[in-house]
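# quick one, what's the 3D model for this:
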Amino acid sequence: MKNLVLDVLSFLLDNIFFFIKRKAHCKSAIEKNGNNYDISLYKRGDLLEVPRTLFIHFGIYLGDNRVAHLIPDILPAISNDKSQYQKVVTNTRLILGVIAKVASVRVDALQDFAYGGSIIVNQMDQSMRNKPLSNEEVAQRAEKLMGDTSYSLLWDNCEHFVTNCRYGIPVSIQTEKFCEMIKNIIRDQRSVLLSAAIGMASILYMGVGPSTTLPSFFITFTLWMAS
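Predicted coordinates for the structure are as follows:
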């Protein structure tokens with residue numbers, strides 16, 4: 001039975017090496033000079049991917065150096081000043097948007113969308129069962145979804161947006177991999193022992209009380225029943 005810590009480390013390393021491999025595989029299709037990208041490489045309706053350290057950001061190219069993408073952003077939920085939230089989304093706005101579960105499908109310049117990263121084009125076509133729709137239909141579907149929307153890190157993210165536009169079905173390969181890792185951890189009976197040990201430590205440190213005893217019991221019991 002795999003060690004829980006090794007499972008998590010393996011998941012993180014797999015993602016890092018996976019992204020590095022995809023960058024190298026598509027290097028010939030990328031022309032980057034500072035923050036300038038050769039827009040002749042991209043066609044309207046292309047599905048664009050920008051690998052980050054632990055995840056991939058997705059968008060649909062609309063042509064004329066414009067990319068439609070779903071991105072968490074707290075500002076539209078707390079302000080009506082469009083001149084402010086039409087600016088590039090900062091990390092603070094993004095993180096607060098994830099926590100508040102609010103986002104928007106917006107159009108940004110290719111450079112702002114990529115944020116200095118390498119761009120991969122239509123790589124997902126090779127792994128999806130559904131064939132891609134015509135590029136024009138893909139772009140039109142993206143344009144119809146413009147505006148504020150709900151957000152979920154696992155169930156309604158930027159990957160769901162682009163797969164819905166290009167393949168007609170919202171799916172997230174990143175979410176599926178993460179959920180599989182969590183499922184393996186829950187099934188590992190040593191997670192029960194780890195939970196019980198942490199619960200006992202919290203009780204010994206903070207004392208016996210509803211705030212310590214009940215959570216420790218229910219979490220341990222739930223993991224035991226799920227394992």
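# remind me which residues of this protein are low pLDDT?
Scanning the chain for pLDDT under 70 picks out the ranges 1-35, 53, 182-227.
# strands of that one, start to end?
In the chain, the segments counted as strands under DSSP state E are 32-33, 36-37, 47-51, 56-63, 66-72, 102-109, 120-121, 147-150.
# in its sheet, what does the second one sit against?
Looking back up the chat, that one is strand 36-37. strand 32-33 (antiparallel) (DSSP bridges).
# for the fourth one, same thing?
The pairing partners recorded for strand 56-63 under DSSP bridges are strand 47-51 (antiparallel), strand 66-72 (antiparallel).
# between the last one and strand 102-109, how many degrees?
Right, the one you point to is strand 66-72. In this structure, strand 66-72 runs at an angle of 160 degrees to strand 102-109, with axes from the mean of the first three to the mean of the last three CA atoms, to 10 degrees as the basis.
# what sits up against strand 66-72?
48, 57-62, 89, 93-98, 101-110, 113, 139, 142-143, 145-146, 149, 151, 157-158, 160-162 (CB atoms under 8 Å, 6 or more residues apart in numbering). Yep, even glycine has a C-beta here, placed from its N, CA and C like the rest.
# among the strands of the chain, which is nearest Val171?
Of all the strands of the chain, it is strand 56-63 that lies closest to Val171, at 11.6 Å by CB to CB.
# could you pick out the buried ones from the contacts of strand 66-72?
Burial by neighbour count, 16 or more other CB atoms under 10 Å: within the contacts of strand 66-72 this picks out 48, 57-62, 89, 93, 96-98, 102-108, 110, 113, 139, 142, 151, 157-158, 160-162.
# how does the protein divide into domains?
Following the assignment in automatic domain parsing, the chain carries domains at 4-179, 189-226.
# and Tyr167, how far from Cys158?
Separation of Tyr167 from Cys158 (CB to CB, to the nearest Å): 15 Å.
# dump stretch 50-65 to CSV, restricted to CA.
Output in CSV follows, covering the C-alpha atoms of stretch 50-65 (Å, rounded to 0.1, in the frame of the first residue of the first chain):
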residue,chain,number,x,y,z
VAL,A,50,-0.4,27.8,-20.8
PRO,A,51,1.3,25.4,-18.4
ARG,A,52,1.9,26.7,-14.9
THR,A,53,3.9,24.9,-12.2
LEU,A,54,1.0,22.9,-10.9
PHE,A,55,-1.8,23.5,-13.3
ILE,A,56,-2.7,24.6,-16.9
HIS,A,57,-4.6,27.7,-17.8
PHE,A,58,-6.9,27.4,-20.9
GLY,A,59,-8.5,29.8,-23.3
ILE,A,60,-10.1,30.1,-26.8
TYR,A,61,-8.4,32.2,-29.4
LEU,A,62,-10.8,34.6,-31.0
GLY,A,63,-8.4,36.2,-33.6
ASP,A,64,-6.9,39.6,-33.7
ASN,A,65,-4.7,38.9,-30.7
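# thanks a lot, catch you later.
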